[in-house]
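S.K.: model the structure of this input:
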Amino acid sequence: MFKSSNTTPLADKLRPTSLDEVYGQEHILDSDSLFLKLDKNSYALSMILWGPPGCGKTTIARLLTKKIEGILYTLSAVISGAAEFKDVFKKASENKKCGINTILLVDEIHHLNRSQQDIFLPYIENGTIILIGATTENPSFELNSALLSRCKVVVVNRLDTNALLHILKRAERLLDKPLPIREEARTTLCDMADGDARFLLNICEELFDLKHTSPLTSSELLSLMQKRTPIYDKGRDQHYNLISALHKSLRGSDCDASLYWLARMLTAGENPLYIIRRLVRCAVEDIGLADPAALQQALAANQAYELLGSPEGELAIAQAVIYLATAPKSNAVYKAYKNSVSDAKNYGSLMPPFHILNASSELMKEQGYAEGYVYDHDTKEGFSGQNYFPDKFKRRIYYKPVERGFEREINKRLQYWATLRRKLS
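M.R.: Numbering: from 1, shown residues only. From the prediction side, this is the model:
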């Protein structure tokens, strides 16, 4: 009654059966790599494979387990519960008594909370299991330090265009027919996949089923197929990577790169107010008084965005980004504050010198409060040159302006007062 149908996705049909068929990971899989020069027993070390979606983490994990003699169990941290993990540990303990290795492959291991991750520790420690975890998130942030200390972290790279083009050719050989796209559209197709082989092959599957008379151009391909949404999770690693890239591009006075990272974040759905908060920080930390208007521009962007909303308000953010990127840079204010805080913590509750304290009672007058204070406005230069640091505390110079922007003018003022102070001392 029923006809058999092959509904296996192309991505599964094309899954590599040997490490030689894995593209884009030459840094760990090349014949000269240290990773593959490990002897057979070294593969029996627990490891964490870290990389973006669709780069081949699970495939590599499965292929590596073939090099370890033992029984493989595969669980997903997303859908597997505590009972399933305990069942594997029970079987692994029985395998160990028989001298058989147990390899546990855990996909999306970062979805396990800290307590759940701890359950692996004794079984890894006593050699009951060899753990191979796959994660898209930075292990430093998402995995326990105790678990990380027992595993080797292997970075799996985002697939580049060359690797994706190789995968396209494999798909064509497997199905024995060419993709219905022009040569120049092949690169466009790879760009659409954004480093994700699984997404690429899903598009290919649709293209192979097309009833089209002539090969598609790049523009036809873009209009027909949906582009992959860029990887971005506002609460995880990529969020911090991109805001760091924006901040460092601003600090490095690269206007165009700054605009690119801004656009990456906004198009991915980042909260514009979060970006503005970082612009305000950049204005005071990396520009400071080299251009006092930088802070005004950042705050104005905040006000304009709250008034206009999106998308009109995003133009105000772009204007602030351009201003901050092209402004003269100085971290003199940042360093001055940091050093003054350090002294405040290290030297405790030193009293101010008595001559700058108000004598608000007779007792305080008798103790010398306000005695000898000179009112600066009554002097010829409007500057008394008196000491305002605590007594017996050597004078510090915290603020050292750079010879850029408005701080060049501030430096002249400081030198003028320093000269007067020396004359009056």
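S.K.: C-alpha from now on. contacts and neighbour counts both.
M.R.: Fine.
S.K.: you'd agree residue 402 is up against residue 328?
M.R.: No: judged on C-alpha atoms under 8 Å, residue 402 makes no contact with residue 328 at a distance of 9.9 Å.
S.K.: those two: which has the busier surroundings?
M.R.: Residue environment comparison for residue 402 versus residue 328 gives the larger neighbour count to residue 328, 22 against 19, counting by other C-alpha atoms under 10 Å.
S.K.: how much space separates that one from residue 290?
M.R.: Remark: distance between residue 328 and residue 290 (C-alpha to C-alpha, to the nearest Å) = 6 Å.
S.K.: over to residue 329?
M.R.: Using C-alpha to C-alpha, which is the criterion applied here, residue 329 is 6 Å from residue 290.
S.K.: which SS class is residue 71?
M.R.: For residue 71, the secondary-structure state derived from DSSP: H, G, I helix; E, B strand; the rest coil is strand.
S.K.: what touches both of residue 329 and residue 290?
M.R.: Common neighbours of residue 329 and residue 290, counting by C-alpha atoms under 8 Å, 6 or more residues apart in numbering, are 404, 405.
S.K.: report the central residue of this structure.
M.R.: In the chain, the centroid-proximal residue (C-alpha atoms, centre = their mean) is residue 241; its distance is 2.2 Å.
S.K.: the residue nearest to residue 100 when sequence neighbours are not counted: neighbour count?
M.R.: The shortest distance from residue 100 to any residue other than its chain neighbours is 5.6 Å, reached at residue 70 (C-alpha to C-alpha, 6 or more residues apart in numbering). Using other C-alpha under 10 Å, residue 70 is surrounded by 16 other residues.
S.K.: residue 70 against residue 101, yeah?
M.R.: Yes: in terms of C-alpha under 8 Å, residue 70 counts as a neighbour of residue 101; the distance is 4.3 Å.
S.K.: tell me, how many residues neighbour residue 56?
M.R.: By the other C-alpha under 10 Å criterion, the neighbourhood of residue 56 contains 26 residues.
S.K.: all helices for the stretch 251-400 of the chain, in order.
M.R.: Assigned by DSSP state H, counting those that start in this stretch, the helices in the stretch 251-400 of the chain fall at 255-267, 272-282, 293-308, 313-326, 332-346, 362-366.
S.K.: on contacts alone, who are the packing partners of the last one?
M.R.: Read it as helix 362-366. Under the contact definition 3 or more C-alpha pairs under 8 Å, 6 or more residues apart in numbering; DSSP states H and E, helix 362-366 sits against no other helix or strand.
S.K.: model confidence over that helix, on average?
M.R.: When pLDDT is averaged over helix 362-366, the result is 86.
S.K.: mind listing the shared neighbours of residue 328 and residue 290?
M.R.: Taking C-alpha under 8 Å, 6+ apart as the contact criterion, the residues that touch both residue 328 and residue 290 are 404, 405.
S.K.: confidence score at residue 225?
M.R.: At residue 225, pLDDT is 78.
S.K.: in this structure residue 410 contacts residue 401, no?
M.R.: Yes: counting by C-alpha under 8 Å, residue 401 is a contact partner of residue 410 at 7.2 Å.
S.K.: the more surrounded of those two?
M.R.: Per other C-alpha under 10 Å, whichever of residue 410 and residue 401 has more neighbours is residue 401, with 23 against 17.
S.K.: my read: the more buried one touches residue 408, true?
M.R.: Yes: at 7.1 Å, residue 401 and residue 408 qualify as touching, with contact defined as C-alpha under 8 Å.
S.K.: returning to what we had before: ok, the residue nearest to residue 100 to residue 128 distance?
M.R.: Taking C-alpha to C-alpha as the measure, residue 70 falls 11 Å from residue 128.
S.K.: tell me, what's touching these two both at once?
M.R.: When contacts are counted by C-alpha under 8 Å, 6+ apart, the set common to residue 70 and residue 128 consists of 101, 102.
S.K.: quick check: can you list the domain ranges of the chain?
M.R.: When the chain is parsed with automatic domain parsing, its domains come out as 25-155, 161-224, 237-326, 351-424.
S.K.: C-alpha coordinates for the strand or helix carrying residue 28, CSV please?
M.R.: For residue 28, the enclosing helix or strand under DSSP states H and E is helix 26-29. Listed next in CSV are the C-alpha coordinates belonging to helix 26-29 (Å, rounded to 0.1, in the frame of the first residue of the first chain):
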residue,chain,number,x,y,z
GLU,A,26,42.7,22.4,8.5
HIS,A,27,44.1,23.9,11.7
ILE,A,28,43.0,20.8,13.6
LEU,A,29,42.5,18.2,10.9
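S.K.: what pairs with whatever helix or strand comes next after it, parallel or antiparallel?
M.R.: Stepping forward along the backbone from helix 26-29, the first helix or strand reached (DSSP H and E) is strand 47-50. Listed by DSSP bridges, the sheet partners of strand 47-50 and their directions read strand 130-135 (parallel), strand 152-155 (parallel).
S.K.: distance from strand 47-50 to the middle of the chain?
M.R.: Relative to the mean C-alpha coordinate of its chain, strand 47-50 is positioned 18 Å out (C-alpha atoms, centre = their mean, to the nearest Å).
S.K.: repeat that for stretch 347-359.
M.R.: Worked out by C-alpha atoms, centre = their mean, stretch 347-359 lies 46 Å from the chain centre.
S.K.: which element is residue 191 on?
M.R.: Counting by DSSP H and E, the element that carries residue 191 is helix 183-193.
S.K.: what does residue 85 give?
M.R.: Using DSSP H and E, the element containing residue 85 is helix 82-97.
S.K.: next structured bit after that helix?
M.R.: Along the chain past helix 82-97, the next helix or strand (assigned with DSSP H and E) turns out to be strand 101-107.
S.K.: what strands line up against that next one, and which way round?
M.R.: The pairing partners recorded for strand 101-107 under DSSP bridges are strand 70-76 (parallel), strand 130-135 (parallel).
S.K.: tell me the mean pLDDT for the longest one?
M.R.: Here strand 70-76 scores 90 as its mean pLDDT.
S.K.: list the contacts of it.
M.R.: With contacts defined as C-alpha under 8 Å, 6+ apart, strand 70-76 is touched by 65, 85, 88, 100-109.
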